[in-house]
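Asks: Here is my input; please provide its structure:
(chains A, B and C)
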Amino acid sequence: MPELPEVETVVRQLAPFLLGRRVCCLEILDPKLESPEKDSVGGRTILEVVRAGKQAVIRLSPLPGSTLPLWLSFHLRMTGRLIMDGWQSGQQEKHLRARLVLDRGCLNFFDVRRFGVIDIRHSPGQVRPQGLDPLSPAFTGRALAKLLCGPGRQVKPWLLRQDRLAGIGNIYASEILFHAGIDPRREVAGLTAEEIKHLHHSTRKVLRLAIENCGTTFSDFQDTRGRAGTFQDLLSVYRREAQPCRRCGEPVVRIVQQQRSTFFCPACQR
DNA sequence: ATTATATCCTGATCGC
DNA sequence: TGCGATCAGGATATAA
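Replies: Reported below is the predicted structural model:
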């Protein structure tokens, strides 16, 4: 569920409360998340809270007398939530998988389906192989064109690959392609320069708009205060099978690509 | 090199 | 009301 806009929403909300806090310890409640590095986070100060692809990453200061910083990252996968202690009620205690105990307050990691991942790394480069961030200045039309020369055939599955562009998931892949007017089954090798330009523009446009709306909520996503996003009200095609296209009125179509749903308008997307 | 399949989990929903 | 089948926004490993 949480794709780039949802993780960005959470990170922006958390940052002001986490920056400068001292970490007491990381408590792991789900054995699946157990890590031998767990004890190395205590005693450090939080220097930075950023998003990398779909991950929330916390940069921690070196311990006194050392020069080695540490990176702590949370990948929310399908149902993960990062919520400060006391910011909301109603979370099920049994879904609490880990907690970062701070000098003031506590960051709780809830995750119903337990797909979420916590990584502790000694350098930022180790924080999983990530592609280009679609919102970074480096993501230009030219950069996209170059990436599209790499592996991958159909454009929609291509957009889901985190090692090319980092942060796009199933919802935004469909939305971006609708906005760009490109059929999700098109082969990337066959895209014209014009279409790549549209794809580049649409990617930034859709993701930015989603962030402005604090992400998309169907049932799972909640921000760090337990509120829903509002972008689901603005979706053009995702989960709108058989409903009229907001642009031309033709029914939206659902197909399956790589065992995942894709939604598009056959009239608007060519 | 790409694509298909299975897998990691739990919960909500739908049809009978 | 209950029950089983199906589906879900992510990602990876392995097989084909």
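
Asks: Which element, helix or strand, includes residue A:255?
Replies: strand A:253-257 (DSSP states H and E).

Asks: check contacts around the nearest residue to residue A:87 once chain neighbours are set aside.
Replies: For residue A:87, ignoring the flanking residues on the chain, the nearest one in space by C-beta to C-beta, 6 or more residues apart in numbering is residue A:225 at 5.0 Å. C-beta here means a position set from N, CA and C on the backbone, and glycine is covered the same way. Residue A:225 makes contact with A:13, A:83, A:87-88, according to C-beta atoms under 8 Å, 6 or more residues apart in numbering.

Asks: mind running it again at 7 Å?
Replies: A:13, A:87-88 (C-beta atoms under 7 Å, 6 or more residues apart in numbering).

Asks: Likewise for residue A:116?
Replies: Residue A:116 neighbours (C-beta under 7 Å, 6+ apart): A:74-77, A:80, A:97, A:109.

Asks: The closest residue to residue A:63 other than its chain neighbours: neighbour count?
Replies: Closest residue to residue A:63 apart from its sequence neighbours, by C-beta to C-beta, 6+ apart: residue A:43 at 5.5 Å. For residue A:43, the count of nearby residues is 15 (other C-beta atoms under 10 Å).

Asks: Check the closest residue to residue A:61 other than its chain neighbours and give its pLDDT.
Replies: Computed as C-beta to C-beta, 6+ apart, the closest residue to residue A:61 that is not its neighbour in sequence is residue A:45, at 4.2 Å. Note for residue A:45: predicted pLDDT of 98.

Asks: who touches residue A:45 in this structure?
Replies: A:20, A:22, A:60-61.

Asks: can you name the two of these that are farthest apart?
Replies: The span of those, defined through C-beta to C-beta, is set by A:20 and A:60 at 11.8 Å.

Asks: Overlap in contacts, these two.
Replies: Joint contacts of residue A:20 and residue A:60 (C-beta under 7 Å, 6+ apart) are A:45-46.

Asks: related to what we said a few turns ago, so the residue nearest to residue A:87, which state does it fall into?
Replies: Under the three-state scheme (DSSP: H, G, I helix; E, B strand; the rest coil), residue A:225 adopts coil.

Asks: pLDDT score for it?
Replies: Value for residue A:225, per-residue pLDDT: 78.

Asks: now it: how far from DNA strand B?
Replies: 20 Å (C-beta to the nearest atom of the strand, to the nearest Å).

Asks: Check residue A:198 too.
Replies: Counting by C-beta to the nearest atom of the strand - residue A:198 and DNA strand B are separated by 22 Å.

Asks: So which elements touch the helix or strand hosting that residue?
Replies: Using DSSP H and E, residue A:198 sits in helix A:193-212. Packed against helix A:193-212 by the contact rule (3 or more C-beta pairs under 7 Å, 6 or more residues apart in numbering; DSSP states H and E) you find helix A:4-18, helix A:141-147, helix A:170-180.
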